[in-house]
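>>> quick one: sequence plus predicted model below, questions after.
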Amino acid sequence: MDFLVQILIAAVGMGTPLLFATLGGVISERAGVINLGMEGLMLVGALVAFVVMLNTGSYFYALVAASIASGIVSMIHGIVCLMLRASQIASGLALTFFGAGLSGLFGDKLTGETVEPLIRIPIPGLNAIPVLGPVLFNQDVLVYFSYLCVGLSWWMLFKTRLGLNIRSMGEAPEVCDSLGLSVLSYRFFAVVGGGMLIGIGGAYFPLALTPFWVDGITAGRGWIAVALVIFAFWDPIKALGGAYLFGIALALELRLQILGVDISPYFLKMIPYVLTILVLTLVTIRHNRLGIQVMPAALGNVFFRGEKN
């Protein structure tokens, strides 16, 4: 039981950056804009958070700076895709390479530097619940903030007029335009807002998981988040379960390495990505068999007023 609890505790921590990134991707794609640049945005968020934390010692400043930096980089994606009508896929991939190059360029000077990681803050009463208590309610403040972000994202998307308009942009932008809504403004807002959440996910690495700088600190987690958006059916609540499921795979990989299990470390590193491919395959087969259309109908389509997609 102790082994299982330790795995689940680690899974929540490992899944938290995935959760933030997936929420950002859900908001962006609900508005109809594909974002394949999550890995790059997470790297930008991680770099800025580490630098600010190193110089100020403030978690709050580091988090705010990381979200703003990733939001600014997301603006580039929005301008290129929504205003210049470039390919969303190509732009997203370019963002990934940009983030990787930027973090490598400036991060090279940070090698060997360390910061103080976030400490766990147990919630009195709730942390005493068997199994769930230590797993969910004995975590750091950013994990608790992620719970709040899940609820707020779901409420915003499905219970407010703003969320209805954002979802409508991803389903029928022509109709929204005919009703006098600015498709460009709503999509740009979703891209930048989603990018800021993705940046917070990147910031979680140096602030909690890896309190020292290493090149490629996110280790490809952004690509898992891209798959998680689909796995979660573009739903913030399901994103929570999906992020923790992949967190379990990542935590299990780490735990087996610590225990010295006689399995190739390369095979262990493959586990999360094999799970990604497997989940996407099963989800696609199920949707095709049942004829389910969950993906936003206008996802990836560029809309300009007076033109049809």
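Sure thing, it's come through. Numbers count the residues shown, from 1 in each chain.
>>> would you map the helices across the chain?
2-30, 38-56, 59-78, 88-107, 132-136, 141-159, 161-171, 173-178, 183-204, 221-231, 236-259, 265-290 (DSSP state H).
>>> lowest average pLDDT across those?
Among those, helix 265-290 carries the lowest mean pLDDT, at a mean of 77.
>>> between the helices of the chain, which one is closest to Val302.
Shortest distance between Val302 and the helices of the chain, using Cβ to Cβ, is found for helix 88-107: 7.6 Å. Where C-beta positions appear, they are placed from N, C-alpha and C, glycine not excepted.
>>> buried sites along the closest one?
Going by neighbour count (16 or more other Cβ atoms under 10 Å), the buried part of helix 88-107 is Gln88, Ser91, Gly92, Ala94, Leu95, Thr96, Phe98, Gly99, Ala100, Leu102, Ser103, Gly107.
>>> so the second one sits against Gly78, correct?
No - counting by Cβ atoms under 8 Å, Ser91 does not reach Gly78; the two are 9.2 Å apart.
>>> same list, the helices of the chain, but as a markdown table with distance to Val302 please.
A markdown table is the format used below for the helices of the chain (distance: least, Cβ to Cβ, whole Å):
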| stretch | distance to Val302 |
| --- | --- |
| helix 2-30 | 14 |
| helix 38-56 | 20 |
| helix 59-78 | 11 |
| helix 88-107 | 8 |
| helix 132-136 | 41 |
| helix 141-159 | 22 |
| helix 161-171 | 12 |
| helix 173-178 | 9 |
| helix 183-204 | 9 |
| helix 221-231 | 19 |
| helix 236-259 | 25 |
| helix 265-290 | 24 |
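>>> out of these, which comes closest to Pro211?
Using Cβ to Cβ, the helices of the chain put helix 38-56 closest to Pro211, at 8.8 Å.
>>> quick one: the closest one to helix 183-204, angle?
Orientation of helix 38-56 against helix 183-204 (axes from the mean of the first three to the mean of the last three Cα atoms, to 10 degrees) gives an angle of 60 degrees.
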